[in-house]
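J.: pasted the sequence and its predicted model underneath.
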Amino acid sequence: MIKLVKNRKEKGKELSKFFCQTVADLMDHDDKLVFLDADLASPSGSTIIEKSHPDKFINVGIAEANMVGIAAGLSIEGFKPFIHSFAPFASRRVFDQIYLSGAYAKSTINIYGSDPGFTVGPNGGTHTSFEDVALYRTIPDAVIVDVADTTQLESAIRQAASEPGIKYIRLNRKAVRNVYEPGSEFTFGKGVVVKEGKDVLVITAGQILSDALDAAEELEAKGVSVEVVDIYTTKPLDVELILSRVKGKKALVTFENHSIIGGLGSAVAEVLAEHNVNIVFKRHGVTDRFGQVGTPDFLQAEYNLTGKDLVKTIEALL
Amino acid sequence: MNKNKNLKLLAAKIRLDILEMLMHRGYGHLGGSMSVCELFAVLYGKHLNVDPKNPGKEDRDMVVLSKGHAGPAWYSALAEMGYFPKEVLLTLNDGGTILPSHPDRNLTPGVDATTGSLGQGTSIAAGIATGQKYKGKNAYTYMIVGDGELNEGQCWEAFMYIAQNKLNNCIVIIDDNKRQLDGYTKDIMNPFDLKVKMESFGFKTLRVDGGDVDAIDEAITELKKVKDQAVCIVLDTIKGQGIKYFEDLFSNHSVKFNNDEINAASEKAVKELKAFIAKEEAK
């Protein structure tokens, strides 16, 4: 059951601490869970786990590739590791390790990639991941979750902890605006129609779902009816939902905190092309650019990822 | 010497299997497979707590062949132990085979770790050993890593982790066969003194003759007594070990059996190995 909050302006819990507290709570009842961090326990929130479950917390030092391999080895022994690093180091830096020691070997590894895209803030261009989703999309059977809010994160962690395989969960470490009521449950591969509309379909994922809903409200006031779908997992992709919701719409826009190359926009474009869907279509995301330093708000504006930017894109299409 | 005659015999059988397998295929990773025949004989003939009839046995010891290109040596050892019929060895690299060039834990009975992208097996072994400790198992993980493979930085990340956590149940075995694909390690990326290097990384380290089953056996036995430190064996080996022609062949990492000289040398080695095996078995 999925319910929406009444007040979308309110922020939820600090996601980093919430992530680790949720895993710590699961560890109380599941002795197969292990948490590994790579000298980022303080930023990731995993000091919570280090304190509550010191035996099942491993700090591997600044060695992400090694961390992935150790997690794969633990999986061979029947454990279900969670690992953390900043999103670029949890994706492009360890891609071969995730691909081979992880997915190809059919290991179970749950990856917490923090501060994706513009949420990186002052860590800047070296720490920015606009391509993590694209990379993980090429890994057979991998699951990619772009977290919209606290409630959705809890659901994602619970499902990840209970299923085998590679799951990449990307999220801001800070608090983000609430969309869903606590207790709402999500399923990998199942998107959510967050707001129904007649004219334009917006498909998005992650915390910018809130910005998409802002844009929909603004456009609604101007007489444009916008439907907003939270795709939740870019992989597996809810193709059925996309095809059913695109029917009768005048335009479709994908909206992502990621490069338009290889991410959600590409995934949806592939679906449209292969199913002969003829619709006005725009991928709204990062346009083949590197990251840079700045506050998250500055970066969100710099890469045209605000609700206002989405409004402009939609207006230009109609 | 020769306390372990049966192990010497097993090593010869593994060596013969490798040679026949690669000759049948027409090519393959010969040099680095030959240098670990004695090691595999000692592991499977004496030290490993495993059950070929029950490859997934709880509490078993695990082998991680991080230098995955030596798969043919591992497959030969597994076949000799009865994990699968010896005829299967001739399917190496066939489409649909259970014996791919590099080990795959989802294909081959007795193979617990998928390796081949060099360096990665070292971390996997570290993770398995950690899991064994978590479970309170009295089990060992034998990590076999190549000297050339040590070019990969990930190995040193894994070594630091193993030393930091005193994973004495993860026995690190470096196959120091002095060569990598393109030539001698000292010319390409000099490893300098590996024993000193490993000791400086915190390992209790023994250097032994990797062609001597007794020496390998003794080293493993001694390191199993170590309780509060990481342990390592540097195996002094020869790439192509045990067959003079291939030891002397400069480019022996991957060999093609495509000329009269190689084929004649291989046939001669097959005959000699068979004669040795027959003589030992008759005793």
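T.: Alright, I've got the coordinates.
J.: ok, residue B:39 to chain A distance?
T.: 21 Å (C-beta to the nearest C-beta, to the nearest Å). C-betas here are computed from N, CA, C, even on glycine.
J.: what secondary structure does that residue sit in?
T.: The three-state label given to residue B:39 by DSSP: H, G, I helix; E, B strand; the rest coil is helix.
J.: that one: what's it in contact with?
T.: Shown in contact with residue B:39 (C-beta atoms under 8 Å, 6 or more residues apart in numbering or on different chains): B:144, B:173, B:175, B:210, B:216, B:235.
J.: same check, this time on residue B:48
T.: Residue B:48 makes contact with B:60-61, B:63, B:142 under the criterion C-beta under 8 Å, 6+ apart.
J.: using CSV, lay out those together with pLDDT.
T.: CSV is the format used below for the contacts of residue B:48 (pLDDT from 0 to 100):
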residue, pLDDT
B:60, 97
B:61, 98
B:63, 98
B:142, 98
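J.: circling back to that earlier point, check the contacts of residue B:39 against chain A, which are close?
T.: For chain A, no contacts are drawn from these by C-beta under 8 Å from any C-beta of the partner chain.
J.: got a quick ChimeraX command for the buried subset of the residues you listed?
T.: Selecting only the buried entries of the contacts of residue B:39 in ChimeraX, with 16 or more other C-beta atoms under 10 Å in any protein chain shown as the criterion:
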select /B:144,173,175,210,216,235
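J.: who does the longest strand along chain A pair up with?
T.: Looking across chain A with DSSP state E, the single longest strand is strand A:251-259. When sheet partners are counted by DSSP bridges, strand A:251-259 sits next to strand A:200-204 (parallel), strand A:280-286 (parallel).
J.: now the strands: where do they sit in the chain?
T.: Went with chain A since none was named. A:33-37, A:57-59, A:80-86, A:109-114, A:143-146, A:166-171, A:192-195, A:200-204, A:226-230, A:233-235, A:251-259, A:280-286.
J.: actually chain B
T.: B:27-28, B:62-65, B:141-146, B:170-176, B:179-180, B:183-184, B:203-209, B:230-236, B:255-256.
J.: and the strands of chain A as JSON lines, adding distance to residue B:108, mean neighbour count and mean pLDDT?
T.: Formatted as JSON lines, the strands of chain A follow (distance: least, C-beta to C-beta, whole Å; neighbours: other C-beta atoms under 10 Å in any protein chain shown; pLDDT from 0 to 100):
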{"stretch": "strand A:33-37", "distance to residue B:108": "27", "mean neighbour count": "26", "mean pLDDT": "98"}
{"stretch": "strand A:57-59", "distance to residue B:108": "29", "mean neighbour count": "21", "mean pLDDT": "98"}
{"stretch": "strand A:80-86", "distance to residue B:108": "24", "mean neighbour count": "26", "mean pLDDT": "98"}
{"stretch": "strand A:109-114", "distance to residue B:108": "22", "mean neighbour count": "28", "mean pLDDT": "98"}
{"stretch": "strand A:143-146", "distance to residue B:108": "27", "mean neighbour count": "28", "mean pLDDT": "98"}
{"stretch": "strand A:166-171", "distance to residue B:108": "22", "mean neighbour count": "26", "mean pLDDT": "98"}
{"stretch": "strand A:192-195", "distance to residue B:108": "43", "mean neighbour count": "19", "mean pLDDT": "98"}
{"stretch": "strand A:200-204", "distance to residue B:108": "43", "mean neighbour count": "27", "mean pLDDT": "98"}
{"stretch": "strand A:226-230", "distance to residue B:108": "43", "mean neighbour count": "25", "mean pLDDT": "98"}
{"stretch": "strand A:233-235", "distance to residue B:108": "29", "mean neighbour count": "25", "mean pLDDT": "98"}
{"stretch": "strand A:251-259", "distance to residue B:108": "38", "mean neighbour count": "26", "mean pLDDT": "98"}
{"stretch": "strand A:280-286", "distance to residue B:108": "43", "mean neighbour count": "21", "mean pLDDT": "98"}
